[in-house]
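>>> Sharing a model that was predicted from the sequence below.
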Amino acid sequence: MNPRLVVTAAVEEPVWLRWTVVPEEDRALTFVYLVARRTGRSPASAAKLCTRLMSRRSAGRTAGARSARASWSAELRVRLRRRRGAEVFDEALADAMVLDELALLPPRQRFAVWEAVIRHRKVADIAEDTGWTRGQAGRLLHAGMSSLATRVKSGQGDLS
């Protein structure tokens, strides 16, 4: 399966897009909510699931960003997979995983990828708006896309 991010140009910019580090809580809420909605939960039901899962989290920190995502994936697999079937669940999980990997990129790469891929902006426009040169904007976009592709292909997506 090739993970893909199904997002339209009308998507709101996430608040974490310009942050230096995206807090784990924000990543978790985005991840859980996206998977819940894509597997047929109503907005209210998805929000309740987020609240329930976040309240169960231990007070301590997890071993790392991707291991945290693995625990969210496992919990969602138990709660949501049967509801819509394995294929729908796996696609929703893949989309959420790609969005989470985007959140883990360095801030300038994250911004360049979001602007180019999600908002369909040209490198020249990104450079003009940010004050970067076209070369810098292009390198940041390329580095971000390469990182995403490498992480998704290497199996760090917790899709098993």
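Thanks, I have it. Numbers count the residues shown, from 1 in each chain.

>>> can you list the residues that contact stretch 69-86?
With contacts defined as C-beta atoms under 8 Å, 6 or more residues apart in numbering, stretch 69-86 is touched by 27-28, 31-32, 35-36, 39-41, 49, 53, 62, 89, 93, 97, 100, 158-159. (C-beta placed from N, C-alpha, C; glycine too.)

>>> out of these, which are inside helices?
27-28, 31-32, 35-36, 49, 53, 89, 93, 97, 100 (DSSP state H).

>>> Quick check: PyMOL command selecting the buried ones in the contacts of stretch 69-86.
In PyMOL, this line selects whichever of the contacts of stretch 69-86 come out buried by 16 or more other C-beta atoms under 10 Å:
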select buried, resi 27+28+31+32+35+36+39+41+49+53+62+89+93+97+100+158
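
>>> of the ones in helices among the contacts of stretch 69-86, the lowest pLDDT goes to which?
Lowest pLDDT of those: residue 53, 82.

>>> Is it in contact with residue 32, as I believe?
Yes: using C-beta atoms under 8 Å, residue 53 is in contact with residue 32, at 5.6 Å.
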